Structure formats: C-alpha cells, structure tokens
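Colleague: quick one: sequence and predicted model below, then my questions.
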Amino acid sequence: MRDLAAKVALSDVGLRKLLTRCGVAAPPQGYWNKVRAGKPVPVRPKAPPRRPGEIGRLRVDTRFAKVLIPAPPLSSEGPFASELVPESLDALYAQELNAIGRASVPKTLDASHKGLVQLLKQEQRRREKAAQSDWHWDQPKFDTPVGKRRLRILNGLLPALSKRGHDGDAYCPSSGIFGQRAIRFKGGSGPSGLAY
C-alpha cells in the first residue's frame, strides 16, 4: 500500500480510504510481509457481484495512469448478467419488482423521506422570505398544486429506490433559467436525471 500510494501521490491511509470508498477490498495489514516470509495468507476477497444498473467499472483520475492499464470498451453484446443480474430482461423486471414492492404516493408530506428534508426546508425559507418581499423570485417553487404533487411523487419514489441501495437527496437549483423549476436527484454514484 505504501509503495503504490507513493506512485500515485497519495498517503497510504488516503489510498486505503479511496479504495474503501470505491468498494475495492484492500489486503489486511501485514499481508505482504506474510507473503515475503512464506507464511499462509488469507484468501483475497472477491469483488461483490455487479448489481442491476452498475457497469462494474471504476473511473479514476490521471494519477493512476502510471499503474493501471485502461480497460477495453464495454461490448454492446454483453455480458450483462452477473450473480445478481439475470440475462433475461423479463426475469430482471420480475426480480426488481419483487424487491421494491409497491411504490405508493403519499397524500401529504408529513412523513417525508430524508432525501426531501433539505428541499422542504428550502421551500419554508422561501415562504418566509416571500412574506416580507414583493419580488417574484422569492416565491416558493413548489406551492402550486402541481408542485406539491411533484414532491409527493418524489416522496413515493425515494423510499422505493432506497430499497435497492440507491440513496440520495433531492435539491432545487437556487436560480433557474426563465423561472425554470427543477428537482435533481443525487444518488450515491453522482447526479442522475430525475428532472421535474
């Protein structure tokens, strides 16, 4: 770890944290000393099977260009299956439907998902500011019936996505182009496109 960390201009602790964050299992402390001494070593952990929607690859920055060989492009022919992903789309659909269950839209936002909390607080601040101001851009963005419905739908979708390990939060850009109202969902692996 120390030697590899020096090649990529990181500390060994920083490299271990980066690997952990990317889901790469690093060898336990003392592993390479045991290898050099000829002592038995624990079996290397296997990578977890690819889940639905994952490509099974990591994107790393240019510091790793010295030590990693670029992977060939993914074939459009597959393979798409893994231990957790069946090859048949019908089987995958049935598996995901079974795992997620029924997603229902709540009638109110009283019990909101943790991913909506910041957005609802932001809306409350806008309401308070609009009460003291005459400017149209201070108005809440989701106080219309359609806006409230959007939030309720999102409040139904987020728990369903959380059941499959996709967690994140919804946010609204502070200024939209020509009054555009949008909600973006940030998942664990970066922004994704739930746009309203």
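Modeller: Structure received.
Colleague: how much space is there between Ala65 and Leu74?
Modeller: Counting by C-beta to C-beta, to the nearest Å, the gap from Ala65 to Leu74 is 20 Å. In this view, the C-beta of every residue, glycine as well, is placed from N, C-alpha and C.
Colleague: okay, helices next: where are they in this structure?
Modeller: For the chain, the helices defined by DSSP state H occupy 2-7, 12-21, 31-37, 89-100, 117-132, 145-162.
Colleague: so which of those is nearest Pro70?
Modeller: Within these, the stretch nearest Pro70 is helix 2-7; the backing value is 16.6 Å (C-beta to C-beta).
Colleague: buried stuff in the closest one?
Modeller: By neighbour count on 16 or more other C-beta atoms under 10 Å, the buried set for helix 2-7 is Ala5.
Colleague: now do that helix: distance to the chain's middle.
Modeller: Helix 2-7 has its C-alpha centroid displaced from the chain centroid by 29 Å (C-alpha atoms, centre = their mean, to the nearest Å).
Colleague: which elements pack onto it?
Modeller: With contacts taken as 3 or more C-beta pairs under 8 Å, 6 or more residues apart in numbering; DSSP states H and E, helix 2-7 sits against helix 12-21.
Colleague: helices or strands up against the helix it packs on?
Modeller: Helix 12-21 packs on helix 2-7, going by 3+ C-beta pairs under 8 Å, 6+ apart.
Colleague: alright, that wraps it up for me.
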